[in-house]
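Asks: I would like the atomic coordinates for the input below:
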Amino acid sequence: MTEAQQTALDEADFFTVTDLKQFAYCPRVIYYERCLPGIRPRTFKMDAGHAVHKEEGEKSRRRVTASYGIVQGERLFEVRFRSERLGLMGVLDELIVGTDGARIPVDYKMARAVSANHRVQIAAYAMLIEETWNVPVPRGHIYLIPKRSPVEILMTPRLRQSVRESLDALRNLVQREAVPPPPAKRAVCAGCEFRRFCNDV
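Replies: Reported below is the predicted structural model:
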């Protein structure tokens, strides 16, 4: 077995921060991806979103850190994290490191408003940063690309607990391999690439 193959096997035991975001959006997305791998359709929206993220990363290098409440600091992009304790890994769009050691996660979104799944995602990155550098991360930002505006998200105990509970629920879902119920808000189904696999929406 090659080193790359072993790494892939090891990482199969981890969830990603994107998994957490998708789970908060609709648990069935994770069921299809983890329990029925290889069926996910590739859509134009996914490709377009990837291109916009890449472009935004280039633009963000010209923005000042003061937009995020840091007078001076370093900006790191596409920062990779992996936590054995949480069983979680991810790639953060941007990490701002202040001269005082403060670290602020920034995630870019092609959205006009911050939703609940965005909050869970940025909280997960905050927890990964805290474990990696042993520093408190009391806040993060969601950068809304269409509005060119960062939105501050406070890392409350409730939000952190939501991350832990979601990880437990994800593990239970994958172990049971049972189809979760559809989302309470069926509006999210309209643009879902898995909609044709759901017979009850």
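
Asks: which residues of this structure score low on pLDDT?
Replies: 1-12, 40-64, 201 (pLDDT under 70).

Asks: quick one, longest helix in it?
Replies: Longest helix in the chain, counting residues (DSSP state H): helix 157-176.

Asks: What helices and strands are in contact with that helix?
Replies: If you count contacts as 3 or more Cβ pairs under 8 Å, 6 or more residues apart in numbering; DSSP states H and E, helix 157-176 packs onto strand 15-16, helix 17-25, helix 27-35, helix 116-133. Every residue, glycine included, has its C-beta placed from N, CA and C.

Asks: how close does the residue lying closest to residue 123 once chain neighbours are set aside get to residue 85?
Replies: The shortest distance from residue 123 to any non-neighbouring residue, by Cβ to Cβ, 6 or more residues apart in numbering, is to residue 159 (4.6 Å). Distance check for residue 159 against residue 85: by Cβ to Cβ, to the nearest Å, it reads 18 Å.

Asks: Of the two, which one has the most company?
Replies: The neighbour comparison of residue 159 against residue 85 (other Cβ atoms under 10 Å) goes to residue 159, with 18 against 7.

Asks: Pull up the gap between the more buried one and residue 126, please.
Replies: Taking Cβ to Cβ, one finds residue 159 at 9 Å from residue 126.

Asks: can you count the residues close to residue 70?
Replies: Using other Cβ under 10 Å, residue 70 has 19 neighbouring residues.

Asks: what about the nearest residue to it once chain neighbours are set aside, how many residues close to it?
Replies: Of all residues not flanking residue 70 in the chain, residue 98 sits nearest, at 4.5 Å (Cβ to Cβ, 6+ apart). Using other Cβ under 10 Å, residue 98 has 16 other residues around it.
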